[in-house]
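Colleague: Mind folding the following:
(chains A and B)
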There are 2 protein chains.
Amino acid sequence: MMHVPLTVGAMMEHAETFFPKKQVISQTHDQLHHLTYKDVGQRTRRLMSVLKELGANKGDRIGTLAWNHHRHLEIYFAAPGIGSVLHTINIRLAPEHIIYIINHAEDKILFVDEDILPLIEKIKDHLTTVEAYVVMTDKAELPDSSIHPLYSYEELLQTGDPSYPFNTDIDENEIAGMCYTSATTGKPKGVTYSHRGIVLHSYALGLADSAAISESDVSMPVVPQFHVNAWGTPFACTWFGSTQVLPGPRFTPQRLAEFIDKFKVTITAGVPTIWLALYRELEKGIYDTSSLRAVLCGGSAAPLGLIKAFEEKLNIPFFHAYGATETTPLVTLSRLKSYQQNLSNEEKLKERSRQGILVPGLQMKVLGNSGEISWDDQEMGELLVRGNWIANEYYKDERSEQAFVDGWFHTGDVVTVDEEGTIKIVDRTKDLIKSGGEWISSVDLENAIMAHEAVFEASVVAVPDAEWQERPIACVVLNEGYKKDGMKEAIMNYLRPQFAKFWLPDNVLFFDEIPKTSVGKFLKRELREQVKEQLGLKN
Amino acid sequence: MMHVPLTVGAMMEHAETFFPKKQVISQTHDQLHHLTYKDVGQRTRRLMSVLKELGANKGDRIGTLAWNHHRHLEIYFAAPGIGSVLHTINIRLAPEHIIYIINHAEDKILFVDEDILPLIEKIKDHLTTVEAYVVMTDKAELPDSSIHPLYSYEELLQTGDPSYPFNTDIDENEIAGMCYTSATTGKPKGVTYSHRGIVLHSYALGLADSAAISESDVSMPVVPQFHVNAWGTPFACTWFGSTQVLPGPRFTPQRLAEFIDKFKVTITAGVPTIWLALYRELEKGIYDTSSLRAVLCGGSAAPLGLIKAFEEKLNIPFFHAYGATETTPLVTLSRLKSYQQNLSNEEKLKERSRQGILVPGLQMKVLGNSGEISWDDQEMGELLVRGNWIANEYYKDERSEQAFVDGWFHTGDVVTVDEEGTIKIVDRTKDLIKSGGEWISSVDLENAIMAHEAVFEASVVAVPDAEWQERPIACVVLNEGYKKDGMKEAIMNYLRPQFAKFWLPDNVLFFDEIPKTSVGKFLKRELREQVKEQLGLKN
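Modeller: Numbers count the residues shown, from 1 in each chain, chains lettered A, B, ... in the order given. Predicted coordinates:
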């Protein structure tokens, strides 16, 4: 057999060749753009020649601080297309983390959206490796700025060569992209993506039993392009010739709903908080969403009620997926097997609320208290994964050796597995409560408590215990109108029939609010400190 | 990123792990078997340990002379699973070719179906490398035979280890399989398939826009497992957990129709002659074929009438595909693009009768008279392909250098390409008529002539011409009841409005029959000789 390297550039060439008329619809700050893959291909080639002019060489990192739009898509292919590295930067991170990331990756050129320039102005003196800045603006003139040298994307493109060739002298194991994941403690950790990994991941996204991305799709990634390459959808959608709708900067649920209606979006991907907000907008009943064949939900587990709301009230198929920055990200996707179609609606929903089975091409292993767990949906263990789109290290980072052991990535996610091989995320390893040699899922307890009518939200954390090692404490925010008096006993009574005795929280504490991360997840590290303080366990 | 070799064994492991309950339904000489992937996985492991016992080492060729059934499927995974090579042998070839193939491949072990033993008895003294024969019989006792050493498949399996591990020390570029293609002249030519090629080809078969092979499919390969691995479907279907229905030895159209009905077959693959025979059976109207979502047709171009008959009369979706032994085989598949859904039914059918666009992961180039042709559906050229599941040589064969040039496989097929990038096979390079610097498609002329009511079949061949280099001669077999008198002029008059003047045949000759190959293709080499004789051009 021939050995032809699997490269990102070849995916764009396929789109240019076989889908030149298909469209990329892109919302930027000022306007809505309609481009064809012929346009995008030529602009990508222009950009490649521009990057070479700006001094980008093989392996150089090209940073982006940008929203979801066509210029960002063009860099997705142009940077790896010349053998450089697409480095997408999470614009929502704290400035000191952004400085760290850019310097640690040693970005040579930074592509920045217009509304992010003020941030760059503030931090530019701390950036030690950047040689050129490019602002991705629609405007004819450069914005007034102290950043230097600052170029205009469109002006540069005019000087570019529309038939500049993709570099074919690329080993498929070379790095095509990178992304930093925000660690809960310490500096962000860099993950690099190989050409091989991105191409194989794109195949996985196109499989009929996975996301089934197709030429007939109209894909609108809501997950940011600065976050794990918008889950790889821009690569796969380009390769397979899907129409892409890129919703641009600071979109609202209303814009998303309008775009779904107007552009007949068939598939979209994002996190539960987005879908909750979108659901509230769609509930108004003024949008036609009949084109939607799949809402992919990942990042964290969607509540059963949200899945139900989309499927039953809006008639929109909703799919749970699981992955991480370290996994490109697709690891599992929840789809019923053919023989599960005979289950009752309730059983189907329960199955669909799990994270699903492994996509073809990966391997998994679940390590519990004493080796590999049994697939009985009871035993818990940490999920380990392995495969060609799974990272094998953090970029120049000593923390690698904790997460990457003997060829397996330790996800830090605790799961159960049922006999069908579908996983269910039950906790993070660091949030799991280890009580008397047994494991207690904080997430299961939280979900149970949040189902109580008096509870607005609840989080469960471990506190040290002399006898049992750790014990669970429930932290509860009550709904308006409910009083704390007697509520502790009410909640405990509510939980008793649902859990083994040793699972029951030792205490229920009441809070006005539960501390959260910037993306709305419980900030358990901080909550644990508050709990210890309330209980007088602070040292 | 991790680098995990893409291996055939890992596909079976995925099926065992995630689809243990799904079934393989297999017709053998004596009975219908129902096995699960758990069974097939364990039997494959047993077989691997048996192969090791029989002395199979890495790289050794394991030959098979067998129909489509579960034992053949098990060898598909067991041979590459230990790092040996699955060598499927076309049982329909002439005995001297089979001898050549087995000796040329240096097969160490031969797996043989019971009804093929008599053939082996005849040729066994000529086989120079085979050390062991295994008969794949359902019977408890070995058949009476002079072949030595002869083993019983099921007896061997009983001694095997059901948890024998797949060899993980395999480089993905190592050879997993091989198959000989019958050359029109000379000895058959061997093609080898790498693990990498088979895995990537399987991904391609699973893509939503390709064959979309899925867990929910019930796949019945009619194309033989001894022919280009039944187009790779057993690999892909196992990996993705499809139910497989293997129709066994010497099946009839009736058995195929019954299986489609009984087992709710969703997808099947084969050549036009099979579909013509199946159509006649299905026309009886006694079978429920509503489960069928795709009939894949390749090997040679299906007549428009056949596509129409399946789609319009039987309501069965019919898909043209194109490939060759050298291409694993999937190269193109014909599917309408989303915006082509607006075409008229006739235009759609015309588009669907083409061979389609390239599957993602391959590259193509079409070389005409003077470099790459334009995609205007007029200019003709030879199709060249390149990619990870395309052969780069014939196995130990000097003829390699004609077909594999500068990293491209020269298919020998002449195509036109339309502006959508879909190819249409118009001829074989060796059958193309080169007249005065222009190319004339023998196939186009044949199809036109065969549309005449008086014509039963027609073939067009080139004869040498002093002035024009070559000129076309039409060879016609008339339908019963039609006389030759005046028919030459009638046919020429019929062709005149359809073709440019220089395309028109110089002569129309009448035959009682047209010589054909064993698979029913026109044997143009022989026909050309007969024509030259009739015209007195014989030297």
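
Colleague: which element is the residue lying closest to A:Lys187 once chain neighbours are set aside on?
Modeller: Counting by C-beta to C-beta, 6 or more residues apart in numbering or on different chains, A:Lys187 lies nearest to A:Tyr100, which is 5.4 Å off, once chain neighbours are set aside. Where you see a C-beta, it was placed from the backbone N, CA and C, and this is true even at glycine. A:Tyr100 is part of helix A:95-105 when elements are defined by DSSP states H and E.

Colleague: What residues does A:Asp377 make contact with?
Modeller: Applying C-beta atoms under 8 Å, 6 or more residues apart in numbering or on different chains to A:Asp377 gives the contacts A:416-419, A:424.

Colleague: now it: how far from A:Tyr395?
Modeller: With distances defined as C-beta to C-beta, to the nearest Å, the gap from A:Asp377 to A:Tyr395 amounts to 36 Å.

Colleague: Now do the one helix or strand A:Ser26 maps to: everything it contacts.
Modeller: Remark: A:Ser26 resides in strand A:23-27, with elements defined by DSSP H and E. Contact partners of strand A:23-27, identified using C-beta under 8 Å, 6+ apart, comprise A:32-37, A:39-40, A:69-71, A:73, A:243-249, A:251, A:255, A:259, A:263.

Colleague: quick one on the thing from earlier: got the buried residues for the helix holding A:Tyr100?
Modeller: For helix A:95-105, the neighbour count (16 or more other C-beta atoms under 10 Å in any protein chain shown) marks A:97-102, A:104-105 as buried.

Colleague: That one - what's its average pLDDT?
Modeller: Per-residue pLDDT values across helix A:95-105 average out to 96.

Colleague: Please apply the same query to stretch A:229-249.
Modeller: Model confidence over stretch A:229-249, given as mean pLDDT, is 98.

Colleague: For that stretch, measure first residue to last.
Modeller: Separation of the first and last residues of stretch A:229-249 by C-alpha to C-alpha, to the nearest Å is 16 Å.

Colleague: One more: stretch A:399-411?
Modeller: Stretch A:399-411 has its terminal residues 13 Å apart, counting by C-alpha to C-alpha.

Colleague: Outside of it itself, list whatever touches it.
Modeller: Counting contacts by C-beta under 8 Å, 6+ apart, the residues outside stretch A:399-411 that touch it are A:183, A:186, A:189, A:324, A:326-327, A:365, A:382-386, A:390-394, A:412, B:2.

Colleague: mind redoing it with 6 Å?
Modeller: With C-beta atoms under 6 Å, 6 or more residues apart in numbering or on different chains as the test, stretch A:399-411 has contacts from A:326, A:383-386, A:390, A:392-394.

Colleague: can you check stretch A:273-282 too?
Modeller: Residues lying outside stretch A:273-282 but in contact with it, judged by C-beta under 6 Å, 6+ apart, are A:222, A:253-254, A:256-257, A:297, A:309, A:314, A:520.

Colleague: Redo these as TSV? Include pLDDT and distance to A:Tyr482.
Modeller: Conversion of the contacts of stretch A:273-282 to TSV gives the following (pLDDT from 0 to 100; distance: C-beta to C-beta, whole Å):
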residue	pLDDT	distance to A:Tyr482
A:Val222	97	34
A:Pro253	97	29
A:Gln254	97	33
A:Leu256	98	34
A:Ala257	98	33
A:Cys297	96	30
A:Ala309	93	24
A:Leu314	96	30
A:Gly520	71	23
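
Colleague: from these, which is closest to chain B?
Modeller: Sorting the contacts of stretch A:273-282 by distance to chain B puts A:Cys297 at the head of the list, at 19.6 Å, by C-beta to the nearest C-beta.

Colleague: Can you give me every residue that contacts that closest one?
Modeller: Listed by C-beta under 6 Å, 6+ apart, the contact set of A:Cys297 reads A:272, A:275, A:320.

Colleague: where does chain A dip in pLDDT?
Modeller: Counting by pLDDT under 70, the ranges of chain A that qualify are A:183-185, A:518-519, A:538-539.

Colleague: quick check: longest helix of it.
Modeller: For chain A, the helix with the greatest residue count under DSSP state H is helix A:37-53.

Colleague: relative orientation of that helix and strand A:23-27 in degrees?
Modeller: Relative orientation of helix A:37-53 and strand A:23-27, computed by axes from the mean of the first three to the mean of the last three C-alpha atoms, to 10 degrees: 70 degrees.

Colleague: Check which helices and strands the helix or strand following helix A:37-53 sits against.
Modeller: Tracing the chain C-terminally past helix A:37-53 and defining elements by DSSP H and E, one meets strand A:61-65 next. With contacts taken as 3 or more C-beta pairs under 6 Å, 6 or more residues apart in numbering or on different chains; DSSP states H and E, strand A:61-65 sits against strand A:85-88, strand A:107-113.

Colleague: from the middle of its chain, how far away would strand A:61-65 be?
Modeller: 18 Å (C-alpha atoms, centre = their mean, to the nearest Å).
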